[in-house]
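**Q** Below are the sequence and a predicted model; questions follow.
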Amino acid sequence: MPQLDDDICALLASGKNVITTAGYFAPESRGPEIVARLDAACKAGNASLFGTGIEPGFMFDRVAPTLTGMCADIEYVRLIEIANATKHPAVVMLKEAIGIGQQPADFHAGTPYGVYWAAFFSEMVTSVARALNVKLDRIETGLEVVTTPVDLHIAAIGRVPAGSINGTKHLATGIVDGKPFIRAEIHWFVGDRAADWPVPADRYSWLIEVEGRPSMRVRVDPVPSLERPEQEQPDPAFAATMATVVNAIPSVVAAPPGVLHAPIFGGYRPRQSH
């Protein structure tokens with residue numbers, strides 16, 4: 001993310017507040033150097049930085065910690081994202097960022113996008129840990145791919161040949177006291193389904209699970225409309241992502257200089273330091 005860091009810092013230092021969906025939910029996960037650099041840029045320009053989006057940025061970072069406020073104790077928190085990207089319009093996102101149509105040997109955790117997504121979702125896990133006031137031993141990341149048994153035709157990129165990737169699954173797990181405590185499973189695919197993975201209600205679904213006292217499960221299924229399913233509407237996830245940015249503007253403008261985090265009130269706090 002060096003080029004992105006350069007751009008963000010230049011904007012901040014020039015006096016512009018920045019709201020981005022490209023990360024910066026918990027830059028501390030990348031080390032103290034980037035935190036110091038961002039803070040310096042914010043102070044130089046008297047500006048604020050806020051990373052947001054629907055996921056990361058909202059579902060796991062804000063909704064999940066809020067749900068834990070109903071728990072007396074927690075064993076783990078888990079998020080499952082399910083996204084059918086068949087109608088996604090961006091060629092680069094599909095072919096390069098998600099790896100659709102590539103061979104499994106060519107899309108793995110060591111590729112540039114594999115490294116980027118590992119850092120991206122590690123920030124999300126770090127953000128949840130901060131909200132719950134737990135100290136992570138470490139974050140473990142992983143990437144799994146599945147292939148399509150038949151040729152697929154995707155509007156934005158054309159043919160996805162049999163034997164090539166039609167789904168990628170990113171894993172990020174926050175370990176506390178040697179056990180998984182925060183786990184994110186991100187499923188992106190094209191076609192009707194990918195292997196035995198879950199499918200969304202429409203195009204996207206988010207499932208938040210909290211194992212504790214009591215345990216709970218919440219599912220969020222954004223759809224174009226609850227009353228007018230036949231009406232053509234903007235992509236619900238795109239619209240929701242845009243809303244998290246626009247709705248944050250007043251708070252970001254009013255905030256003091258620095259990296260901002262959405263406040264979580266009344267969430268679970270460990271009785272003993274983890």
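**A** Received, thanks.
**Q** G45 contacts L12, correct?
**A** Yes. Look at G45 against L12 with C-beta atoms under 8 Å: they come within range, at 5.0 Å. Backbone N, C-alpha and C define where each C-beta goes, glycine included.
**Q** Looking at those two, which one has more neighbours?
**A** L12 (27 against 19; other C-beta atoms under 10 Å).
**Q** got the contact list for that one?
**A** By C-beta atoms under 8 Å, 6 or more residues apart in numbering, L12 lies in contact with 18, 38, 41-42, 44-45, 47, 49.
**Q** Could you work out the most separated pair of these?
**A** Taking C-beta to C-beta as the measure, the contacts of L12 span a maximum distance of 13.2 Å, between V18 and A44.
**Q** can you give me the helices for the stretch 1-150 of the chain?
**A** With helices called from DSSP state H, counting those that start in this stretch, the stretch 1-150 of the chain shows them at 2-13, 32-45, 64-67, 91-92, 112-132.
**Q** Turn those into JSON lines, columns for distance to W197.
**A** JSON lines is the format used below for the helices of the stretch 1-150 of the chain (distance: least, C-beta to C-beta, whole Å):
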{"stretch": "helix 2-13", "distance to W197": "30"}
{"stretch": "helix 32-45", "distance to W197": "33"}
{"stretch": "helix 64-67", "distance to W197": "21"}
{"stretch": "helix 91-92", "distance to W197": "23"}
{"stretch": "helix 112-132", "distance to W197": "17"}
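**Q** export the ones you listed to TSV and tack on mean pLDDT and distance to R213?
**A** Converted to TSV, those look like this (pLDDT from 0 to 100; distance: least, C-beta to C-beta, whole Å):
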stretch	mean pLDDT	distance to R213
helix 2-13	94	41
helix 32-45	97	35
helix 64-67	94	13
helix 91-92	94	45
helix 112-132	94	15
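**Q** Fine, thanks again, bye for now.
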